[in-house]
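Asks: My questions are about this predicted structure, shown below with the sequence.
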Amino acid sequence: MFLIKVAIVAGTFCFMEFMAWFSHKYIMHGFGWNWHKDHHNHHKGFFEKNDYYAIVFSIVAASTIIYGDLNPDFWYLTWIGAGVTCYGVAYFVFHDIIVHRRVKIKFVAKNKYLKRIINAHYVHHRVHTKEGAEAFGFLYAPPKYEPKKRD
């Protein structure tokens with residue numbers, strides 16, 4: 001049973017990258033642009049409307065965990081919620097701390113994976129409008145976003 005729970009958490013975590021990409025491309029850069037646009041533009045203060053998305057996803061994750069815990073027939077929902085939560089933590093560390101430096105730390109990416117996803121995110125942020133952006137993933141970026149080597 002332990003391995004099943006681990007597989008559910010890991011599978012949900014991986015599926016969340018697709019959900020994040022889909023939500024980012026079709027919701028945040030679609031009808032939900034009003035919440036997301038301040039993330040693409042300079043604004044005053046620490047918080048931004050874009051943070052509402054984190055609140056929505058955390059409510060979904062917490063509700064899923066609680067419902068699964070209270071209803072033994074739906075035990076697997078607890079572990080799906082745990083996978084969503086793990087993805088949220090990874091997203092926060094990567095996106096808000098490492099890329100956007102909303103929490104001030106000294107960090108320099110040294111491995112190819114981090115350099116590529118950071119570069120893809122910077123490519124995404126070159127566009128300050130609802131349309132025209134690319135690279136909507138958060139924890140995966142295709143090889144085409146490999147940073148160019150400097151001579």
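Replies: Yes, it's here.

Asks: pLDDT at the residue positioned nearest the centre of the chain, what is it?
Replies: The centre of the chain sits closest to residue 91, judged by CA atoms, centre = their mean, with a distance of 4.1 Å. Residue 91 carries a pLDDT score of 93 in this model.

Asks: Let's verify it: helix, strand, or coil?
Replies: Assigned state for residue 91: helix (three-state reduction, DSSP: H, G, I helix; E, B strand; the rest coil).

Asks: Spatially, what comes nearest to it if we skip its sequence neighbours?
Replies: Sequence neighbours aside, residue 138 is the residue nearest to residue 91 in space, at 5.5 Å (criterion: CB to CB, 6 or more residues apart in numbering). Using the backbone N, CA and C atoms, a C-beta is placed for each residue, glycine as well.

Asks: Please name the nearest non-neighbouring residue to residue 20.
Replies: Using CB to CB, 6+ apart and skipping residues adjacent in sequence, the residue nearest residue 20 is residue 138, 4.9 Å away.

Asks: Now do the one you found: how many residues are near it, please.
Replies: Other residues lying near residue 138 total 22 when counted by other CB atoms under 10 Å.

Asks: likewise the one 4 residues further on?
Replies: Around residue 142 there are 10 other residues, counting by other CB under 10 Å.
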